[in-house]
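>>> Show me how the following folds:
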Amino acid sequence: MPNYRFLEGIAVADLAFEATGKDLNDLFTNAAMAMLVSQVDVKTVAPKVTKKIVLENEDVGQLLFDFLNEIIYLKDAEQLVFKDVKVAIVKNAVYKLSASFRGETIDPKKHKLGNDLKAVTMHKFKVEQTKTGWKCQVVVDI
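Below you'll find the model as predicted:
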């Protein structure tokens, strides 16, 4: 069972979701998967291309914000949709993220496309540590 759920009534003309994870790697993976499955039926995507993202930030919330916007950037700039993602985050002086996405170039004849995500917003955006791990709430312009 996925560790994200779409939220109804949070935002009009937007997509809202909440993701959880036992640690930051898990949280960022689940948040990314919520974005990916909202864009395309991931079962229709083959792992033909691997795309790596490396980011760093002092603030874990800003790191998640930037990371999720990178998914939208890759769809818009490089016409890529993804099947899955692996995330590794290390905390030293700053949070350092390394992620690897697998997917392929968008083909409307092959891919069952969903929402055309425009941008992650700061509206109701939050990342928090809980008793059992981490949780985020995200609103995306569509």
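
>>> Setting aside sequence neighbours, what's the nearest residue to the residue positioned nearest the centre of the chain?
In the chain, the C-alpha nearest the mean C-alpha coordinate belongs to A32, at 2.2 Å (CA atoms, centre = their mean). Counting by CB to CB, 6 or more residues apart in numbering, A32 lies nearest to V85, which is 4.7 Å off, once chain neighbours are set aside. C-beta coordinates here come from the backbone N, C-alpha and C atoms, glycine included.

>>> any idea which helix or strand carries that neighbour?
Element membership for V85 (DSSP states H and E) is strand 80-91.

>>> got it, and F67?
Per DSSP H and E: helix 60-78 holds F67.

>>> and that helix, what other elements does it pack with?
helix 24-39, strand 49-57, strand 80-91, strand 95-105, strand 119-130, strand 133-141 (3 or more CB pairs under 8 Å, 6 or more residues apart in numbering; DSSP states H and E).

>>> For A16, find the nearest of those.
strand 133-141 (4.7 Å; CB to CB).

>>> So for that closest one, mean pLDDT?
Mean pLDDT, strand 133-141: 96.

>>> Note down every partner strand of it and its orientation.
Sheet pairing of strand 133-141 (DSSP bridges) gives strand 14-21 (antiparallel), strand 119-130 (antiparallel).

>>> Neighbouring strands - and their directions - for the strand holding V85?
strand 95-105 (antiparallel).

>>> How many neighbouring residues does the residue nearest to A32 have?
22 (other CB atoms under 10 Å).

>>> wait, doesn't it sit right on S98?
No. Counting by CB atoms under 8 Å, S98 is not a contact partner of V85; they are 11.0 Å apart.

>>> if we can go back for a sec, pipe the helices and strands packed on helix 60-78 into JSON lines and attach distance to F6 per row.
Compiled in JSON lines, the helices and strands packed on helix 60-78 are given as follows (distance: least, CB to CB, whole Å):
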{"stretch": "helix 24-39", "distance to F6": "7"}
{"stretch": "strand 49-57", "distance to F6": "24"}
{"stretch": "strand 80-91", "distance to F6": "18"}
{"stretch": "strand 95-105", "distance to F6": "21"}
{"stretch": "strand 119-130", "distance to F6": "14"}
{"stretch": "strand 133-141", "distance to F6": "10"}
